[in-house]
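1. Let me see the structure of the following:
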Amino acid sequence: MTLLTSTVGRKILMAITGQLMVLFVIVHMLGNSSIFIPGGINAYAEHLHALPPLVWAFRAVMLGAAAVHILFGIQLSLENRAANAETYAVKNMRRATLSSQSMLYTGLLLLAFLVYHLLHFTVRVTPDIKIGVDSLGRFDVFGMVTNSFSHGIITFIYIAAMVVLFLHLSHGIQSFFQTMGWNNNRTLPVISKIASVAAVILLLGYASIPFLIVTGILKG
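-> Okay, the predicted model is just below:
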């Protein structure tokens with residue numbers, strides 16, 4: 001299939017799957033924000049566990065999107081590095097940014113973090129995990145999260161990962177519009193600012209939880 005073999009086709013698939021994951025990151029952050037409501041995150045988790053077919057279908061779609069995004073991301077990055085002429089690199093150096101130049105590395109770091117995150121809060125095999133129930137007999141997600149983020153090293157890992165996510169998204173979001181042909185020299189500065197603002201909001205939204213817990217501001 002041309003879509004899978006051509007450079008343009010793979011870029012389009014990579015862009016679309018990337019934005020699917022951006023939507024997931026947004027929804028996941030909103031769900032995590034229920035931790036600021038008393039009993040909220042335990043109720044949120046209970047509702048999710050009451051819909052196993054929907055949850056597993058969603059996970060399967062996101063896993064497929066992530067696999068496509070990672071595979072084509074690595075392929076295209078390696079092909080671009082092999083094909084880039086020195087003159088092309090010099091010509092585009094002015095427009096290059098830290099986030100655009102480090103997309104492959106930030107992507108691989110996020111993949112490593114995703115594996116750790118799944119082992120941590122989904123599979124729950126790390127030694128810091130505390131499993132219990134709340135006063136209503138629900139799985140105590142709040143207690144599990146606050147206990148884990150009371151450890152400074154775990155908080156550091158999560159906040160550092162969110163900084164990496166910020167770098168990846170600040171370029172990735174605007175790159176989506178460019179790949180889809182919805183961008184030009186006039187709209188590029190606006191889209192770049194919107195992408196940066198969105199990345200900052202996600203950084204603060206995610207990093208605030210471990211930060212507030214480790215500092216003792218948010219506690220059980």
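2. Every contact and neighbour count from this point should use C-alpha atoms.
-> OK.
3. Where does the prediction get shaky in the protein?
-> 1, 84-95, 220 (pLDDT under 70).
4. can you do 50?
-> Filtered on pLDDT under 50, the chain yields the residue ranges 87-91, 93-94.
5. all helices for it, in order.
-> 2-5, 7-32, 40-49, 52-83, 86-92, 98-101, 103-117, 141-148, 152-179, 188-214 (DSSP state H).
6. Now do the longest one against helix 40-49, angle only.
-> What it means is helix 52-83. 100 degrees (axes from the mean of the first three to the mean of the last three CA atoms, to 10 degrees).
7. how far does helix 52-83 sit from the chain's center?
-> For helix 52-83, the distance from its own C-alpha centre to the chain's C-alpha centre is 12 Å (CA atoms, centre = their mean, to the nearest Å).
8. list the buried ones in it?
-> 62, 65, 66, 68, 69, 70, 72, 73, 74, 76 (16 or more other CA atoms under 10 Å).
9. same thing with stretch 189-201?
-> Using 16+ other CA under 10 Å as the test for burial, stretch 189-201 gives 191, 192, 195, 196, 198, 199, 200.
10. Alpha carbons of that stretch, as PDB, please.
-> C-alpha atoms of stretch 189-201 as PDB (Å, rounded to 0.1, in the frame of the first residue of the first chain):
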ATOM      1  CA  PRO A 189       3.700  31.400  14.200                       C
ATOM      2  CA  VAL A 190       0.200  31.200  15.500                       C
ATOM      3  CA  ILE A 191       0.000  27.400  15.400                       C
ATOM      4  CA  SER A 192       3.500  27.200  17.000                       C
ATOM      5  CA  LYS A 193       2.300  29.400  19.900                       C
ATOM      6  CA  ILE A 194      -0.900  27.300  20.300                       C
ATOM      7  CA  ALA A 195       1.200  24.100  20.400                       C
ATOM      8  CA  SER A 196       3.500  25.600  23.000                       C
ATOM      9  CA  VAL A 197       0.700  26.700  25.200                       C
ATOM     10  CA  ALA A 198      -1.100  23.300  24.900                       C
ATOM     11  CA  ALA A 199       2.200  21.600  25.800                       C
ATOM     12  CA  VAL A 200       2.700  23.900  28.900                       C
ATOM     13  CA  ILE A 201      -0.900  23.200  30.100                       C
END
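11. Now do that stretch: distance to the chain's middle.
-> Worked out by CA atoms, centre = their mean, stretch 189-201 lies 15 Å from the chain centre.
12. Name the residues that touch it?
-> If you take CA atoms under 8 Å, 6 or more residues apart in numbering as the criterion, stretch 189-201 is touched by 165, 166, 167, 169, 170, 171, 173, 174.
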